[in-house]
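Q: have a look at this prediction, sequence included:
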Amino acid sequence: MTAADSPRLAGGPSLAVSAAGIAFQNPIVLAAGTAAYGRELARVIDLEQLGGLVTKAVSIHPRHGAPSPRVAEFAGGMVNAIGLANPGVSAVRRTELPWLAEHLKATRGLVNVVGDQVHEYADVVRELSDSAGISAFELNVSCPNVKAGGMEFGADPCTLAEVVRQARAQTSLPLFVKLSPTLPDLVASARTSVDAGADAISLVNTIPGLVIDPERRRPMLGFGSGGVSGTALLPVGVLATWRVTRVVQVPVMGVGGVATAEDALQYLMAGATLVGIGTAALRDPRTPERVIRGLQRWCERHSVRSLQEVIGSLEWSQ
């Protein structure tokens, strides 16, 4: 099935898009870490209305995560330190992915992959590559490489390329590489990822931040610092998307700060093919459905027959 064959929302403008050879019925994807493995939200929203769902992180071994509290809000969004808690690849394969395969039909399932060492990404991909219900993998290369003193995998071009190459050798499914906006050269890192075999880029991961409780004179999070997400991240992600899509010839999933259809349109106009929703969906799980309806209404108001026409339509050059 191609994107053009995908169903239209209520007979209106087509919101279908195609990314990395995958047909999505619309561009809205639940970002990693905000929907767990799907079943937690199944009674709250209609998952089959979404374009896709990225699972929470999967590592080769179980992770207990960071100490609580793990989330704190501030005026511009949220800071979190979850610690990539997950039951490990064997448990995910046995208990979570079968549920996804059974319940997600029109919605595409992507698995977020993390590791402490280069080979662990490939190990997870190998273990899950033949599982039903998976359309692609998203490699979170913002994790610290314990073999390199804690440096992010994405910060070193050679290490980044090796992570992607090894994962690429283990699957024929598309690989998305999720990059941090704090990388020394984000565009170069995206190019390195594509050259090593990535089929798409996810932009952006959270940025480091610290929220302090003045009454206690201590951090709000149990871990101390955490990743900043939410409204404050929107212009950072949009700019990163615009910069990267001007250089690499693969689809981009824009992530960060999206709460409305207008936010999603900024990413699409900057060049993104898919748009991830994270923090806003944590606050209100029905946000993605409202964004999808908002995109349809915007297309109707502007006589846009297909959302594909909007992608990369920003009238600006630098």
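A: Everything's here; your move.
Q: can you give me the pLDDT of residue 148?
A: Per-residue confidence at residue 148 stands at 61 (pLDDT).
Q: pull the distance from stretch 190-201 to the chain's centre.
A: Taking CA atoms, centre = their mean, to the nearest Å, the mean C-alpha location of stretch 190-201 is offset from the chain mean by 15 Å.
Q: tell me where the stretch 1-150 of the chain has strands.
A: 17-19, 22-24, 28-30, 52-54, 71-74, 77-80, 108-113, 136-140, 144-145 (DSSP state E, counting those that start in this stretch).
Q: nearest to residue 229, out of the ones you listed?
A: strand 77-80 (5.4 Å; CB to CB). C-beta: built from backbone N, CA, C; applies to glycine.
Q: give the buried residues for that closest one.
A: Within strand 77-80, the residues scored as buried using 16 or more other CB atoms under 10 Å are 77-80.
Q: what is the rounded mean pLDDT of that strand?
A: The model assigns strand 77-80 a mean pLDDT of 95.
Q: what segments of this structure are helices?
A: With DSSP state H as the criterion, the chain has helices at 89-91, 97-103, 118-128, 157-168, 186-196, 234-245, 261-270, 279-283, 287-301.
Q: and the third one, which residues are buried?
A: Within helix 118-128, the residues that qualify as buried by neighbour count (16+ other CB under 10 Å) are 118-128.
Q: next: stretch 225-239.
A: 226-234, 236-238.
Q: for stretch 91-111, same thing?
A: 92-93, 96-97, 100, 104, 106-111.
Q: sorry, back to before: wait, which of the buried residues of helix 118-128 is closest to residue 159?
A: Nearest to residue 159 out of the buried residues of helix 118-128 is residue 118 (CB to CB; 6.4 Å).
Q: surely the closest one touches residue 151?
A: No - between residue 118 and residue 151 there is no contact under CB atoms under 8 Å: 12.0 Å.
Q: these two touch, right, residue 25 and residue 106?
A: Yes - the pair residue 25 / residue 106 is scored as a contact, 5.3 Å apart, by CB under 8 Å.
Q: format the buried residues of stretch 225-239 as a markdown table; extra columns: distance to residue 191.
A: Formatted as a markdown table, the buried residues of stretch 225-239 follow (distance: CB to CB, whole Å):
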| residue | distance to residue 191 |
| --- | --- |
| 226 | 29 |
| 227 | 24 |
| 228 | 26 |
| 229 | 25 |
| 230 | 29 |
| 231 | 29 |
| 232 | 27 |
| 233 | 23 |
| 234 | 24 |
| 236 | 19 |
| 237 | 18 |
| 238 | 20 |
